[in-house]
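J.: one predicted model, sequence on top.
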Amino acid sequence: MKSMLSTIDYVVECRDYRAPVTSINPMFEEALGKMRRLVVYTKRDLGSIPKSVEQKTIERKLQTFDPNSTVFFTSSSARQDVSQIIKHLRTDAEAPDKLVGCRVLVVGMPNVGKSTLINNLRNSGTGKAKAMKTGQQPGITRKIATQVKIIERENGSHVYVLDTPGVFMPYVPDAENMLKLALCGCVKDNVISPVTLADYLLYHINLQDPAIYKRWSEPTNDVVPLIESFARQTGLLGKGGVPNVEGAALLFIQKWRQGELGRFLIDDLEEEERRRADPAQAARMSMTQALRVERTTRKNKPDAPSNL
Ligand SMILES: Nc1nc2c(ncn2[C@@H]2O[C@H](COP(=O)(O)OP(=O)(O)OP(=O)(O)O)[C@@H](O)[C@H]2O)c(=O)[nH]1
């Protein structure tokens, strides 16, 4: 990806609306440098209620985090979200050469919604149907795809987008961040135990409103009885009618990912504002630092896989 940046005119960086801080990949900051960039927070429909006061507050805060980039919020089901991006690119993404056109690279964490965004941009800009394969698990896009035209101009200086495979961080230093990324689906579901993830999700749901799961349980901090009751009521039972706890925990998480167990952020934006206001803390781990930590970790555990 880095080697082809010289042929790219513009970058669209996707981040997950539900984890808008944690889904920033610090590797992009270094690799993309000062390239013209547009930040898109995807899956807006899963992180807030449309037109609510909370949505306005969240989005106002997120805009201030990237004062030098234009910021958009998209939901795959809201056509106007995507048409605003097309409108912006029509005026902002100029082709330096009419023959080649303007090439836009779409980057972001695995499963953040890059291919979905490209399909929607293509549909909004040219009326054409889906070109990219999408899926619920990360890693559907495996290589940088052939470019897709999203804006046609009469003078021939068209705008093309290129889909890229999701890029995960070489090392996630904070265990809670890893849980957040797993909850959002950026890592495969077999990497972290679904019961552990459901437990972490329960913690967030309880911060919002325990009534969200009242169909299955009284308010509780104990995930296992909740999941067992959920398993019984959804019919996820194993031999002898024993609740299939692992399967039910995964289904519980998937329900949240579909917006059926509350729509909220799992990052604390106020904490991030405080962090950014404190210069000592504001420096994120650079790619070089991250790679150094990863190398050390690998040296200590020679058999450990290098990435997810
Ligand atoms: N509810 C909702 N789901 C979305 C949205 N955008 C994408 N998705 C879903 O998220 C999943 C991942 O979307 P993809 O477009 O395949 O993600 P990707 O970033 O290309 O994934 P990789 O191939 O891993 O890089 C799919 O199931 C999409 O339907 C959105 O705005 N709202």
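T.: Yep, that arrived.
J.: what's the following helix or strand after the helix or strand Val39 falls within?
T.: Using DSSP states H and E, Val39 sits within strand 37-42. Following strand 37-42 in sequence order, the next helix or strand is helix 44-47 (DSSP H and E).
J.: chain center to the helix or strand hosting Val82, what's the gap?
T.: In this assignment (DSSP H and E), Val82 forms part of helix 79-92. Its chain's average C-alpha position is 20 Å from that of helix 79-92, according to CA atoms, centre = their mean, to the nearest Å.
J.: buried ones in stretch 192-211?
T.: Neighbour counts over stretch 192-211 (16 or more other CB atoms under 10 Å) mark Ile192, Pro194, Val195, Leu197, Ala198, Asp199, Tyr200, Leu201, Leu202, His204, Ile205 as buried. Quick note: C-beta positions are derived from backbone N, CA and C, even for glycine.
J.: skipping its backbone neighbours, what lies nearest the last one in space?
T.: Looking back up the chat, that one is Ile205. Computed as CB to CB, 6 or more residues apart in numbering, the closest residue to Ile205 that is not its neighbour in sequence is Ile212, at 5.2 Å.
J.: same deal with the first one?
T.: For Ile192, ignoring the flanking residues on the chain, the nearest one in space by CB to CB, 6+ apart is Ala182 at 4.7 Å.
J.: what secondary structure does that neighbour sit in?
T.: helix (DSSP: H, G, I helix; E, B strand; the rest coil).
J.: ok, it to Pro20 distance?
T.: To Pro20, Ala182 is 16 Å away according to CB to CB, to the nearest Å.
J.: check Ala93 too.
T.: In this view, Ala93 and Pro20 are 24 Å apart by CB to CB.
J.: returning to that earlier point: quick one: which of the buried residues of stretch 192-211 sit in helices?
T.: Pro194, Val195, Leu197, Ala198, Asp199, Tyr200, Leu201, Leu202, His204, Ile205 (DSSP state H).
J.: quick one: which of the residues you listed is nearest to Val187?
T.: Leu197 (10.1 Å; CB to CB).
J.: quickly list the domain ranges of this protein.
T.: Per automatic domain parsing, the structural domains of the chain span 2-163, 193-277.
J.: so how far is the longest one off the chain centroid?
T.: By that I understand domain 2-163. Per CA atoms, centre = their mean, the centroid offset for domain 2-163 relative to its chain is 12 Å.
J.: ends of that domain, how far apart?
T.: End-to-end distance of domain 2-163 (CA to CA, to the nearest Å): 14 Å.
J.: report the buried residues of stretch 105-124.
T.: In stretch 105-124, residues buried by neighbour count (16+ other CB under 10 Å) are 105-124.
J.: output it as CSV, nothing but the C-alphas.
T.: Extracted in CSV, the C-alpha atoms of stretch 105-124 (Å, rounded to 0.1, in the frame of the first residue of the first chain):
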residue,chain,number,x,y,z
LEU,A,105,-7.4,5.1,-1.7
VAL,A,106,-9.8,3.9,0.9
VAL,A,107,-8.1,2.6,4.1
GLY,A,108,-9.1,1.5,7.5
MET,A,109,-9.2,-1.4,10.0
PRO,A,110,-10.6,-4.8,8.9
ASN,A,111,-14.4,-4.9,8.7
VAL,A,112,-14.8,-1.2,9.3
GLY,A,113,-17.0,-1.0,6.2
LYS,A,114,-14.6,0.1,3.4
SER,A,115,-16.1,-2.1,0.6
THR,A,116,-19.6,-1.2,1.6
LEU,A,117,-18.7,2.5,1.4
ILE,A,118,-17.1,2.1,-2.0
ASN,A,119,-20.2,0.3,-3.3
ASN,A,120,-22.4,3.1,-2.0
LEU,A,121,-20.2,5.8,-3.4
ARG,A,122,-20.3,4.1,-6.8
ASN,A,123,-24.0,3.8,-6.7
SER,A,124,-24.5,7.4,-5.6
